[in-house]
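Peer 1: Quick one: sequence and predicted model below, then my questions.
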Amino acid sequence: MAEQVALSRTQVCGILREELFQGDAFHQSDTHIFIIMGASGDLAKKKIYPTIWWLFRDGLLPENTFIVGYARSRLTVADIRKQSEPFFKATPEEKLKLEDFFARNSYVAGQYDDAASYQRLNSHMNALHLGSQANRLFYLALPPTVYEAVTKNIHESCMSQIGWNRIIVEKPFGRDLQSSDRLSNHISSLFREDQIYRIDHYLGKEMVQNLMVLRFANRIFGPIWNRDNIACVILTFKEPFGTEGRGGYFDEFGIIRDVMQNHLLQMLCLVAMEKPASTNSDDVRDEKVKVLKCISEVQANNVVLGQYVGNPDGEGEATKGYLDDPTVPRGSTTATFAAVVLYVENERWDGVPFILRCGKALNERKAEVRLQFHDVAGDIFHQQCKRNELVIRVQPNEAVYTKMMTKKPGMFFNPEESELDLTYGNRYKNVKLPDAYERLILDVFCGSQMHFVRSDELREAWRIFTPLLHQIELEKPKPIPYIYGSFLLFPGLRRLDIPLTTALKGVLFAENSVSSAWQRLRPSIFVSIPYAFSPAGAPPSFKCMYTLDFSVFRTVLKNTWGVLLTESAETSAAGLPTPIL
């Protein structure tokens with residue numbers, strides 16, 4: 001068998017460039033202008049300028065592309081270069097290319113709500129080579145509070161009269177359904193939907209984009225991708241760091257708005273959607289909207305909220321809890337961890353729980369989609385077999401792997417869990433995986449909206465979460481504490497005295513043997529069985545999401561941890577390990 005030779009970056013980019021530039025989008029004008037609104041900010045410095053450089057370096061931008069920065073600060077191109085170049089990762093061999101890149105850059109200072117400032121910006125663009133007829137792409141790397149003023153002024157003063165105009169809008173797209181609708185209606189009154197690119201950078205990640213190919217280009221998955229075979233779907237997003245001085249900004253939004261309502265819900269759509277008629281942008285987005293319409297509003301009793309506390313044994317930032325951040329309001333109940341159960345109420349997914357989990361200051365950096373299959377019917381191995389799982393690891397170390405049972409090597413006839421593993425770092429050596437922003441910004445140049453959020457899609461996403469968000473803001477339920485940098489749901493005390501509700505939620509959202517044991521005993525862990533309870537002191541609407549046969553749950557804890565659980569809804573045990581997230 002001939003040895004596979006990896007393509008060089010130049011070869012890969014050459015092939016990609018040839019494919020992309022066959023269309024008409026790049027030939028409507030010889031000149032393209034990429035305008036960064038908010039050029040002095042962190043997003044521009046760390047992401048947007050480096051991304052445009054990488055695309056330019058790899059020859060993926062149109063030949064005559066100019067970059068114009070715009071912000072209130074009085075800066076020069078030299079200032080922009082000084083603050084952004086450390087993030088370029090440029091090599092000494094790329095020095096001449098880098099000089100050429102910055103020669104195409106310019107900067108205009110102006111206010112965001114001043115019409116005269118935008119007229120100066122337009123005059124500046126017209127003065128560039130063929131600038132008056134150039135295609136113009138506006139990136140709003142700005143806080144949402146100025147979106148309305150900026151888009152209004154762009155529309156009135158800065159639009160190309162010959163080339164196309166496109167606008168990239170960064171999340172958050174509002175705070176709830178009502179504010180999102182106001183913003184969408186405002187932008188839609190100025191731009192057509194095919195001019196608006198609502199960017200969620202997770203849709204640019206390699207493995208998120210791979211979900212459609214895995215599902216619809218492999219026959220083996222078609223017959224099993226349904227409720228008859230899949231017991232639950234778990235979508236996870238973990239970060240190992242806290243707010244680190246940015247808690248004031250985070251506290252305005254919380255983890256549900258920051259991660260769950262967008263990143264995780266987008267991944268859910270790609271897992272659950274039906275096969276689109278084609279890879280046309282609207283065909284794909286039509287199917288995503290259909291999925292969202294099948295999901296009911298989140299109920300508070302289907303939610304777990306957590307907030308990290310300092311680790312007394314940690315170092316540096318790990319010793320500080322969320323409330324220790326000086327920018328966080330005193331006594332804030334904003335969640336830094338959330339777990340939610342959603343159901344897609346259609347024929348394919350009826351009764352299958354989609355568990356969305358996300359949090360800060362956890363034990364690792366991880367984002368993944370995990371499909372857990374039902375137990376094998378007619379067990380002949382005396383409960384030695386674990387459930388099969390298909391895992392798509394988005395980050396770090398992109399991978400697709402299947403957890404399955406095989407015979408343990410040797411003389412005995414015992415099953416053990418093994419993996420069929422496609423880790424990209426091993427299989428695709430020397431292949432450059434583009435940054436998510438690279439893919440998405442290039443898509444905007446190409447006019448592809450497949451990986452961007454459409455207005456009706458955004459509205460459905462907010463419909464699902466807005467009632468919960470309003471209820472949390474009104475009732476302010478106290479989140480469960482967990483230690484910074486750990487995978488514990490609540491602090492590891494020597495002696496636990498916690499409500500049964502808390503213990504149960506920890507177990508069922510865990511990734512440990514207790515969760516596995518519970519799932520084996522109760523294949524559908526979300527089935528209502530006669531025994532209900534609510535957490536002491538919680539608002540009436542925030543009841544435990546589970547009802548269960550108490551004796552079964554007590555047996556699980558006893559057999560796994562040696563814990564005796566009383567029906568008084570409290571547990572007490574010396575040296576009990578705590579459930580993990």
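Peer 2: Sure thing, it's come through.
Peer 1: Any figure for the gap between the residue nearest to residue 280 when sequence neighbours are not counted and residue 79?
Peer 2: The spatially closest residue to residue 280, leaving aside those adjacent along the chain, is residue 450, at 7.8 Å (Cβ to Cβ, 6 or more residues apart in numbering). C-betas here are computed from N, CA, C, even on glycine. For residue 450, the distance to residue 79 equals 36 Å [Cβ to Cβ, to the nearest Å].
Peer 1: cool, and residue 204?
Peer 2: 28 Å.
Peer 1: Comparing those two, which shows the higher neighbour count?
Peer 2: Shown here are residue 204 and residue 79; by other Cβ atoms under 10 Å, residue 204 has more neighbours (21 against 15).
Peer 1: Surely that one and residue 439 touch.
Peer 2: Yes: Residue 204 is within contact range of residue 439, at 4.2 Å (criterion: Cβ atoms under 8 Å).
Peer 1: tell me, what's touching these two both at once?
Peer 2: Common neighbours of residue 204 and residue 439, counting by Cβ atoms under 8 Å, 6 or more residues apart in numbering, are residue 451.
Peer 1: Report the buried residues of stretch 246-257.
Peer 2: Neighbour-count burial for stretch 246-257, with 16 or more other Cβ atoms under 10 Å as criterion, is recorded at 247, 250, 251, 253, 254, 255, 256, 257.
Peer 1: same thing with stretch 183-192?
Peer 2: 183, 184, 187, 190, 191.
Peer 1: Tabulate the residues you listed in a markdown table, adding columns for secondary structure.
Peer 2: Shown next, in a markdown table, are the buried residues of stretch 183-192 (DSSP: H, G, I helix; E, B strand; the rest coil):
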| residue | secondary structure |
| --- | --- |
| 183 | helix |
| 184 | helix |
| 187 | helix |
| 190 | helix |
| 191 | coil |
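Peer 1: The helix ranked longest in the chain packs against which elements?
Peer 2: What stands out as the longest helix in the chain, according to DSSP state H, is helix 455-475. Helix 455-475 is packed against helix 177-190, strand 196-199, helix 265-272, helix 281-293, with contacts defined by 3 or more Cβ pairs under 8 Å, 6 or more residues apart in numbering; DSSP states H and E.
Peer 1: quick one: secondary structure of the residue of the chain most remote from its centre?
Peer 2: What lies farthest from the middle of the chain is residue 411; by Cα atoms, centre = their mean that is 45.9 Å. Following three-state DSSP, we place residue 411 in the coil state.
Peer 1: And it, what's its pLDDT?
Peer 2: If you check residue 411, the pLDDT there is 78.
Peer 1: Then residue 539?
Peer 2: 37.
Peer 1: how far away is the residue most central in space within the chain from residue 385?
Peer 2: Nearest to the geometric centre of the chain sits residue 263, at 2.6 Å (Cα atoms, centre = their mean). When distance is defined by Cβ to Cβ, residue 263 is 33 Å away from residue 385.
Peer 1: Residue 356 is in what secondary structure piece?
Peer 2: Per DSSP states H and E, residue 356 falls inside strand 353-359.
Peer 1: swap that for residue 36, sorry
Peer 2: Per DSSP H and E: strand 31-37 holds residue 36.
Peer 1: What strands line up against that strand, and which way round?
Peer 2: With DSSP bridges as the test, strand 31-37 is paired with strand 64-71 (parallel), strand 135-140 (parallel).
Peer 1: can you list contacts of that strand?
Peer 2: Strand 31-37 is contacted from outside by 26, 44, 48-49, 52, 61-62, 64-71, 112, 121, 125, 128-131, 133-142, 150, 154, 158, 163, 445, using Cβ under 8 Å, 6+ apart.
Peer 1: okay, who's weakest in the buried residues of stretch 246-257 by pLDDT?
Peer 2: Within the buried residues of stretch 246-257, pLDDT is lowest for residue 247, at 83.
Peer 1: and that one, what does it touch?
Peer 2: So residue 247 contacts 322, 325, 327, 328 (Cβ under 8 Å, 6+ apart).
Peer 1: can you name the two of those that are farthest apart?
Peer 2: The widest separation within these, taken as Cβ to Cβ, falls between 322 and 327 and amounts to 10.6 Å.
Peer 1: Look at those two and report which has more neighbours.
Peer 2: A count of neighbours by other Cβ under 10 Å puts residue 322 above the other of residue 322 and residue 327, at 26 against 13.
Peer 1: Quickly note the distance from the more buried one to residue 60.
Peer 2: Distance from residue 322 to residue 60, by Cβ to Cβ: 41 Å.
Peer 1: picking that back up, overlap of the contact sets of residue 322 and residue 327?
Peer 2: Both residue 322 and residue 327 are in contact with 243, 247, where contact means Cβ under 8 Å, 6+ apart.
Peer 1: now the angle between helix 281-293 and the longest helix of the chain, please.
Peer 2: In terms of direction (axes from the mean of the first three to the mean of the last three Cα atoms, to 10 degrees), helix 455-475 departs from helix 281-293 by 30 degrees.
Peer 1: Just the buried residues of helix 455-475, please?
Peer 2: Across helix 455-475, burial judged by 16+ other Cβ under 10 Å covers 455-469, 471-472.
Peer 1: Give the next helix or strand downstream of it.
Peer 2: Beyond helix 455-475 toward the C-terminal end (DSSP H and E), the next one is strand 480-483.
Peer 1: would you put the C-alpha positions of that next one in PDB?
Peer 2: Extracted C-alpha coordinates of strand 480-483, given in PDB (Å, rounded to 0.1, in the frame of the first residue of the first chain):
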ATOM      1  CA  ILE A 480     -25.300  25.100  43.700                       C
ATOM      2  CA  PRO A 481     -21.700  25.900  44.600                       C
ATOM      3  CA  TYR A 482     -18.800  23.900  43.000                       C
ATOM      4  CA  ILE A 483     -15.000  24.300  43.600                       C
END
